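1. Below: sequence and its predicted model.
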Amino acid sequence: MARQKSTGIRKPMSEETREKIAAAVRAKARQKRIEAGLPAEGVTPQIPDRSRELELVQMKDQKFDPELFVPMPTGRAIDQLFTLEGGLPKATNYMVVGDPGVGKSTVTLDIISDLIKAGYKCLFISAEMTRIDLYKYVQRYPKFGDIDILFLGEYIDDNPKLVVEEALSTGYDVVLIDSFVEVQEAVKEVNRMTTSGSEKWLIDQMIRNNLANNETKKHTTFLAIQQVTKGGVFVGSNKLKHNTTGMMEIRYEDEVSGTSYVMFTKNRRGPVNRKMYFSLKETENVKYDQKRFSIDEGARETYEEERKQIESEDDAFDKLLGTGQLNVNLSQEENPFA
């Protein structure tokens, strides 16, 4: 049978076929929204109305308990990185980032263990490790056994959002979250929230407890381990960055030898770019290299003094040039600036 020659004109699609294709597209889009934790049906974004009257504040009118500004010392060398006075400041939020396997969990658990020994009330919210995982840590660092731990993974079939809210409502001096994004994802999945919605919820919980809105009126400080991209870029919105007091980075200086350090690249309450080297080779405690830190600080101070001296001499030299006094005893040939 001879093949019918195409005219190049497509037959119009029937209404029934159009509706089947549209229905398939809608069903696929609906499924993707559900998998992403979004409402099944599309919703029009709502721009929030103003709910609070504009308030301009003069800080001279503000009153705070002086005790709020007394840091919480661990009694260890790392206190020098948080504040100049030494210790974690109250009512603050620190993001902890770093290289995989460098010791983010160990260093932060070491910090809150020492705070517990100093009499502070601390909580560890673990969304990544299990009881068996933590038991291995406790065998190496027995003091970790005194930490109150909420294993959030055990409540995935429940409602992790309500579980976290109930745990925080008690009131703690310091709460360690491992990790911020895993707690956020657990809440997002169960409660069908958006990524931005679950992040906002967790930030709001932190701010609420910073302000002592809990049963024991404690101004909670949060240490939250957070993920970074392969390129080392911080994962999180501008709101998260703006509500972060400091960025605590734990890095390898030499991965082969295991040489590692803690450093703040952002810190509203203390110094930045100071490296505190540490070792995880010993048991009982994370070992900080106080001697190396002191040498580095001494060298830094010497450099700053020399820099200021050079700047002072430069200023004097500039003033001398400006008055013309430099040329008083110099001939035309002797004066290099003539």
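-> Received the coordinates, thanks.
2. Would you mind giving the domain segments of this protein?
-> 64-288, 296-326 (automatic domain parsing).
3. Residue ranges in the protein under the pLDDT threshold?
-> 1-12, 32-48, 229-233, 317, 320, 322-338 (pLDDT under 70).
4. if you set the cut-off to 50 instead, what comes out?
-> 326-338 (pLDDT under 50).
5. Where do the strands of it begin and end?
-> Per DSSP state E, the chain has strands spanning 93-98, 122-126, 148-151, 174-178, 221-225, 246-254, 259-267, 276-279, 287-288. These are given in chain order.
6. okay if I get those as CSV plus mean neighbour count?
-> C-beta: built from backbone N, CA, C; applies to glycine. Shown next, in CSV, are the strands of the chain (neighbours: other CB atoms under 10 Å):
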stretch, mean neighbour count
strand 93-98, 24
strand 122-126, 23
strand 148-151, 17
strand 174-178, 25
strand 221-225, 26
strand 246-254, 18
strand 259-267, 19
strand 276-279, 20
strand 287-288, 19
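7. Roughly how far does Gly153 sit from Phe222?
-> Going from Gly153 to Phe222 by CB to CB, to the nearest Å gives 20 Å.
8. quick one, helices of the protein?
-> In the chain, the helices defined using DSSP state H lie at 15-35, 79-82, 104-117, 131-140, 160-169, 180-191, 195-210, 238-242, 290-323.
9. Minimum distance to Glu282: which of these has it?
-> helix 131-140 (9.4 Å; CB to CB).
10. For the spatially most central residue of the chain, give me its contacts.
-> Nearest to the geometric centre of the chain sits Met95, at 1.7 Å (CA atoms, centre = their mean). The neighbours of Met95, taking CB atoms under 8 Å, 6 or more residues apart in numbering as the test, are Phe180, Ala224, Gln226, Phe234, Gly236, Leu240, Thr244, Gly246, Met247, Met248.
11. how about the second one, what does it touch?
-> With contact set as CB under 8 Å, 6+ apart, Ala224 has these partners: Asn93, Tyr94, Met95, Val96, Leu176, Ile177, Ser179, Phe180, Met206.
12. one more time with 6 Å, if that's ok
-> Neighbouring residues of Ala224 by CB atoms under 6 Å, 6 or more residues apart in numbering: Met95, Ile177, Phe180.
13. which of these lies closest to Gly197?
-> For the contacts of Ala224, the nearest to Gly197 is Phe180 (14.8 Å; CB to CB).
14. Could you check how many residues crowd around the closest residue to Pro160 other than its chain neighbours?
-> Leaving aside its sequence neighbours, Pro160 sits nearest to Ala186 (CB to CB, 6 or more residues apart in numbering; 4.5 Å). Using other CB atoms under 10 Å, Ala186 has 21 other residues around it.
15. if I look at Ala186, how far off is Tyr155?
-> 8 Å.
16. Please apply the same query to Leu223.
-> Applying CB to CB to Leu223 and Tyr155 gives a distance of 21 Å.
17. cool, Glu15 as well?
-> Applying CB to CB, the value for Glu15 to Tyr155 is 50 Å.
18. again, but for Val183
-> Distance from Val183 to Tyr155, by CB to CB: 11 Å.
19. same deal with Val57?
-> Taking CB to CB, one finds Val57 at 39 Å from Tyr155.
20. Between these two, which is the more surrounded one?
-> More crowded of Val57 and Tyr155, by other CB under 10 Å: Tyr155, with 18 against 7.
21. wait, doesn't the more buried one sit right on Val164?
-> No - under the criterion of CB atoms under 6 Å, Tyr155 is not in contact with Val164, lying 8.8 Å apart.
22. quick one on the thing from earlier: and which of the contacts of Met95 is nearest Glu199?
-> Looking across the contacts of Met95 and measuring by CB to CB, the closest to Glu199 is Leu240, at 6.4 Å.
23. show me what contacts that closest one?
-> Going by CB under 6 Å, 6+ apart, the list of residues near Leu240 is empty.
24. Now do the same contact list for Val183.
-> Taking CB under 6 Å, 6+ apart, one finds Ala127, Ile177 in contact with Val183.
25. make that Leu223, sorry
-> Per CB under 6 Å, 6+ apart, neighbours of Leu223: Tyr94, Val96, Thr108, Leu176.
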